[in-house]
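Visitor: Everything below, folded, please.
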Amino acid sequence: MNGSTNLHSIDSKQIAIISGEGTGPGTVEEYKGKRSRKALKSRLTRERCHGERWARAIGRYGEDDMFGQPIGINIETGEPTTYPI
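Guide: Next up, the predicted model:
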């Protein structure tokens with residue numbers, strides 16, 4: 001994770017925080033905090049524990065793809081991904 005301060009669309013109705021250690025899959029938790037860039041950035045910083053863990057935020061974006069998987073967007077990078085919840 002690059003830790004960029006430029007967060008992409010956070011107006012998504014659903015946001016998931018995925019965090020973990022090493023190369024493992026991590027755990028998924030629905031983000032229920034304030035929908036501001038500052039609040040989300042603060043949450044990701046806490047999850048990362050000074051570099052001991054990794055964390056990312058995925059926003060639900062539109063409809064499911066053609067395979068029925070929910071479409072998401074990595075809020076820090078803007079890259080499309082599968083929404084985890």
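
Visitor: And the pLDDT for the spatially most central residue of the chain?
Guide: In the chain, the residue lying closest to the centroid (C-alpha atoms, centre = their mean) is A57, at 1.0 Å. A57 carries a pLDDT score of 93 in this model.

Visitor: Need the nearest residue in space to it, chain neighbours excluded.
Guide: In space, A57 comes closest to I75 once its chain neighbours are excluded; the distance is 4.2 Å by C-beta to C-beta, 6 or more residues apart in numbering. In short, each C-beta sits where N, CA and C put it, glycine included.

Visitor: what does I15 give?
Guide: In space, I15 is closest to Y31, 4.1 Å off (C-beta to C-beta, 6+ apart).

Visitor: Can you say which helix or strand has I58 in it?
Guide: If you go by DSSP states H and E, I58 is part of strand 54-64.

Visitor: cool, P84 as well?
Guide: Counting by DSSP H and E, P84 is part of no helix or strand.
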